[in-house]
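In: need a 3D model of the following:
(2 chains)
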Amino acid sequence: MKTVIETAINNICTELGFGEEVFFTVEHPSDLAHGDYACNVAMVLSKRVGKSPIEIAEQFLSGLDGQIEYVEKIVIAGPGFLNFYLARDFFAKEIDRINSIGKDWGKNDSWVGKRVLFEYTSPNLFKPLHIGNLVGNIIGESLSRLFEYGGAEVKRFNYPSDIGLTVAKGVWGLRKTGGNPSDILALGEAYRVGNEAYEAEAEEAEEIKSINKALYENTDPELTSLREQGIATSKASLGDILKKLGTSFDHEICESMVSEPGAKLVKAHNGDVFKESDGAIVYEGDKVGLHTRVFISSKGIPTYEAKDIGHFKLKNELEPDWDLSVIVTGSEQTEYFKVVYAVIRELFTEFKNRELEHVPTGFLTLTTGKMSSRKGNVLTGESLLEEMEVAAKEKSNNARTGNLEELAEEVAVAALKYQILKHGIGSNIIFDKEKALSFEGDSGPYLQYTNARINSALEKAKQNEITGSIKDLPAEIYRIEKLVYQFAEVVEEALAERAPHKVATFLTQLASEFNSFYAQEKIADKEDQSAPYKVALAKAVSLTLINGLWVLGIKAPERM
RNA sequence: GCCCUCAUAGUUUAAUGGAUAAAACGAGAGGCUUCUAUCCUUUUGAUGUGGGUUCGAUUCCUACUGAGGGCACCA
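Out: Numbering: from 1, shown residues only, chains lettered A, B, ... in the order given. The predicted structure follows:
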């Protein structure tokens, strides 16, 4: 529809002799009262032509009026906008189209035939899942799904850290506390103890460092065994939480696997890409507008930078065929990834036509203040989810579902994910626990509830033997109809801009509009001639909610 | 010191350079004998400061103020 209007306007431009280089836009006005599409062409031309926008708009109006199918009327408004109002039939056809597409409603083909690698979550094993990991997972998963909605084949990568100081702290803590390495709680406690000791006592810190070295070099079977047991426990627990969150990775590359290939590559290019400096091997980023970073330390140990190079190599061995590779991390690594990607481009010249992208996510802080282990207000991913599940269960006491456990989990995940995905992904998130736990208003459960409500209305329709149809149209065009068909455009835009929050915002607007409709109109009324149309409309809204929630990584329970 | 983000109602967030800046929470007033009140209706209230570009600026440029992050062997 948009392109139809654009072409029509372009034709008039040529007809009126304004030439072809006119940069106007056709878009949905933010206020539905301003029509279904609005165009600013008259304002853009005003200065060039030396006439008032209104005058120009009138010229367009006389050229366009009655010429475009499904455009019922065109009105000049405000400073010179052309507002297009679509005909009743258009919306009915859209409702019909949505219902016939069904499961695939909202998809686009902007990435068809492309393969995309997505890396996110990146947890530290041996340590409870941090809120930041949760944020990364939620955003990464949603972006992956957006790409899938664009037709891309997405491969998901997890890059857990299974070696290094964190693990050493945990192993040290296990020895100190005598905790059972198969118990995830004992593991968390061991890490806490180890971390505290590392920060407080110089002597213990040295001990932990030597454990770290022994683990790297695999010289002490007892330590290695503790590490392996702890990692297995950690991974199992991680698997549970990932399942709840709805992520399933295609590949897992652990940190311990990448040091060697990374170091090898760096050393092989010492002299061309890299340079020795103070005994370390560095990449001189300052020479290309970045900053210099160490890839192999003066002690000969590969740093995180070198590991990321090895990591990239392994990734390519697992998935050699791709067009875009995305890594989602906290925004503190923005500058870091500029350097690493610059190095990768120099090292892997055969990939110069492929795209590398780093998506930075914001930090999550609590409204109760900054988190710090000293203040004791650390919130782990697990504990946050648990708290939300408890709240969800309380709230769902009267739910009309057999499986309360499952519902509470789905509601809790929805609340958490929505709270994070309603923001632009790069901005810092201030997490209001109370609000997230309330499940009211602008929230994931609100969207789920709206869908559950629709289901119940549809059930009633079934009982009354009303089936959806667009034969008998109500005279009025409901506001909800003017919104629901825009979903596919929103998804495509959200994908192009890496902005899942656009989907979240749209769904909330849609749900709110539907709830107003629901309060005013009876959907499944036997006496109502328009009931079949309302049923078809409700179905289309439900489909949109379900598909939109899927993109956000949120489940849509049938009953609540 | 240098570099990068960011600054919108009391609070948490929206707004490809467009129209009267949109919601939610909070506070006030209403609404279930009806297809689910995790809902709806309604009142209240905001673009950090000074310049600039533009027909038109929350959006772009610039200075300032404030917050967060990064800047060589941590991850």
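In: so what's residue A:471 up against?
Out: With C-beta atoms under 8 Å, 6 or more residues apart in numbering as the criterion, the residues that contact residue A:471 are A:532, A:533. C-beta coordinates here come from the backbone N, C-alpha and C atoms, glycine included.
In: roughly how far does it sit from RNA strand B?
Out: In this view, residue A:471 and RNA strand B are 19 Å apart by C-beta to the nearest atom of the strand, to the nearest Å.
In: same check on residue A:419?
Out: 8 Å.
In: so that residue touches residue A:431, yeah?
Out: Yes - counting by C-beta atoms under 8 Å, residue A:431 is a contact partner of residue A:419 at 6.6 Å.
In: in the stretch 51-200 of chain A, which spans are strands?
Out: Along the stretch 51-200 of chain A, the segments classed as strands by DSSP state E, counting those that start in this stretch run A:71-77, A:81-86, A:115-119, A:153-158.
In: and residue A:437, which of the ones you listed is closest to it?
Out: Comparison of the strands of the stretch 51-200 of chain A against residue A:437 by C-beta to C-beta identifies strand A:153-158 as nearest, at 28.6 Å.
In: pairing partners for that closest one, with directions?
Out: Strand A:153-158 pairs in its sheet with strand A:115-119 (parallel), strand A:251-252 (parallel), by DSSP bridges.
In: doesn't residue A:466 fall inside a helix?
Out: No - remark: residue A:466 does not belong to a helix; assigned using DSSP: H, G, I helix; E, B strand; the rest coil, it is coil.
In: quick one, grab the pLDDT at the residue in the stretch 301-450 of chain A positioned nearest to RNA strand B.
Out: At 2.2 Å from RNA strand B, residue A:441 is the closest residue in the stretch 301-450 of chain A, using C-beta to the nearest atom of the strand. Residue A:441 is assigned a predicted lDDT (pLDDT) of 91.
In: need the residues that contact the longest helix anywhere in chain A.
Out: In chain A, taking DSSP state H as the definition, the longest helix is helix A:221-245. By C-beta under 8 Å, 6+ apart, the surrounding residues in contact with helix A:221-245 are A:121, A:123, A:125-127, A:129, A:134, A:137-138, A:141, A:160, A:162-163, A:167, A:170-171, A:174-175, A:181-184, A:187, A:190, A:211, A:214-215, A:218, A:248-249, A:381-382, A:385, A:409, A:413, A:417, A:553.
In: which ones among these map onto helices?
Out: A:134, A:137-138, A:141, A:167, A:170-171, A:174-175, A:184, A:187, A:190, A:211, A:214-215, A:381-382, A:385, A:409, A:413, A:417.
In: could you double-check that residue A:190 sits in contact with residue A:176?
Out: Yes - contact criterion C-beta under 8 Å: residue A:190 and residue A:176 qualify, at 7.4 Å.
In: who has more neighbours, these two?
Out: It is residue A:190, of residue A:190 and residue A:176, that has more neighbours when counted by other C-beta atoms under 10 Å, with 28 against 14.
In: what residues does that one make contact with?
Out: A:170, A:171, A:172, A:173, A:174, A:176, A:177, A:179, A:230.
In: cool, and residue A:122?
Out: Taking C-beta under 8 Å, 6+ apart, we find residue A:122 in contact with A:133, A:136, A:158, A:159, A:160, A:161, A:329.
In: just residue A:428 next, same as before
Out: By C-beta under 8 Å, 6+ apart, the contact list for residue A:428 reads A:362, A:363, A:364, A:365.
In: what about 7 Å?
Out: Contacts for residue A:428 (C-beta atoms under 7 Å, 6 or more residues apart in numbering) come out as A:362, A:363, A:365.
In: beta-bridge partners for the closest residue to residue A:81 other than its chain neighbours, please?
Out: Nearest residue to residue A:81, sequence neighbours excluded (C-beta to C-beta, 6 or more residues apart in numbering): residue A:38, at 5.0 Å. Here residue A:38 sits in beta bridges with residue A:27, residue A:83, going by DSSP bridges.
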